[in-house]
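S.K.: I need the structure of the sequence given here:
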Amino acid sequence: MNENSGFKYSILASGSTGNSFYLETPKKKIIVDAGLSGKKIEGLMSEIGRDINDVDALLITHEHSDHIKGMGVLARKYGLDVYANEQTWQEIDSKNMVGKISEDQKHIFEMGKTITFGDIDIESFGVSHDAVAPQFYRFMKDNKSFVLLTDTGYVSDRMQGIIENADGYLMESNHEVEMLRNGPYPWVTKQRILSDRGHLSNEDGAKAAFHVLGNKTKRIFLGHLSLHNNIKELAHMTMDGYLQQHDVDTHREVKIMDTSHEHASKLFDI
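M.R.: Below you'll find the model as predicted:
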């Protein structure tokens, strides 16, 4: 990697059972979300040849357990600086979701703000999900960018404007609608997932990806797949089919990439 160009990233895990993302620049190493056990995240980091001792900060998107399960353990064990917005911190602390974290490790990352971490800018933006104040992130360095967007019931025009024409996306493809409707979940849970404050279906994710991709976009990772209400091949086929129908070349221009809930992706350059 050229010292002055771009960054590296890995989707450590993505799925309804746990989520974590890793990013590094020459100056900073950052994890977003720790939705698996601390031990599992340590193992995922070793899969990509990285040591969690070297991580500078942990960013949190929202307080659901598949995003914060290992947060307290990692913060305490490695002395990580942890960033979340004020409402998310209040929810985590008031319900003692992750145990004690030292006050000097807790930092506020306000929704809609951009913070510079060393040599990278990170912009937060709100999403529509049934958490107190869920936010996701766009990472920007040297005119390159990567967007994390899962856990939202829909993608608004405002969100589209913030995330358009990134070099890469982790885009939610949570469920196939008929699988969800006919699946094992209670009806109230199905309604929640299908609502505007739930999760993007395969088709919704494909539409959202099409509306935001631009001439810089090279990779779209399919994220947060449900173990019970989706199949990896189906999610891939839906995204591929929709983009090809709309004249996007998914063989040469934009690559569609699968993710795993238990194994890290390789380290990609951007």
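
S.K.: Please name every helix or strand in contact with the helix ranked longest in the chain.
M.R.: In the chain, with assignment by DSSP state H, the single longest helix is helix 232-245. Using 3 or more CB pairs under 8 Å, 6 or more residues apart in numbering; DSSP states H and E, the elements in contact with helix 232-245 are helix 202-212, strand 219-223, strand 255-257. Yep, even glycine has a C-beta here, placed from its N, CA and C like the rest.

S.K.: And the helices in this protein?
M.R.: Shown for the chain, the helices assigned by DSSP H span residues 38-47, 65-68, 71-78, 86-94, 157-163, 177-181, 187-194, 202-212, 232-245.

S.K.: what angle do the first one and helix 71-78 make?
M.R.: If I follow you right, that is helix 38-47. 70 degrees (axes from the mean of the first three to the mean of the last three CA atoms, to 10 degrees).

S.K.: what's the distance between helix 38-47 and the middle of its chain?
M.R.: Its chain's C-alpha centre and that of helix 38-47 lie 17 Å apart, by CA atoms, centre = their mean, to the nearest Å.

S.K.: Kindly report the same for the second one.
M.R.: How far helix 65-68 lies from its chain's middle: 11 Å, per CA atoms, centre = their mean.

S.K.: So which residues make contact with it?
M.R.: The contact list for helix 65-68 (CB atoms under 8 Å, 6 or more residues apart in numbering) reads 15-19, 33-35, 60-61, 92, 97-98, 151.

S.K.: could you dump the residues you listed to CSV with distance to residue 249?
M.R.: Putting the contacts of helix 65-68 into CSV (distance: CB to CB, whole Å) gives the following:
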residue, distance to residue 249
15, 28
16, 31
17, 33
18, 33
19, 29
33, 32
34, 36
35, 34
60, 36
61, 31
92, 43
97, 44
98, 44
151, 29
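
S.K.: Between all of these, which two are separated the most?
M.R.: Using CB to CB, the contacts of helix 65-68 span at most 21.6 Å, a distance reached by 15 and 92.

S.K.: got the contact list for the longest helix of the chain?
M.R.: So helix 232-245 is contacted by 171, 173, 176, 179, 202-203, 205-207, 209-210, 213, 220, 222, 225, 250, 254, 256, 258 (CB under 8 Å, 6+ apart).

S.K.: and that helix, average pLDDT?
M.R.: Per-region confidence: helix 232-245 scores 98 on mean pLDDT.

S.K.: in that helix, what counts as buried?
M.R.: Neighbour counts over helix 232-245 (16 or more other CB atoms under 10 Å) mark 235, 236, 238, 239, 240, 242, 243 as buried.

S.K.: Just put the helices of the chain in a markdown table and tack on distance to residue 147.
M.R.: Shown next, in a markdown table, are those (distance: least, CB to CB, whole Å):
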| stretch | distance to residue 147 |
| --- | --- |
| helix 38-47 | 21 |
| helix 65-68 | 17 |
| helix 71-78 | 22 |
| helix 86-94 | 19 |
| helix 157-163 | 4 |
| helix 177-181 | 24 |
| helix 187-194 | 22 |
| helix 202-212 | 8 |
| helix 232-245 | 15 |
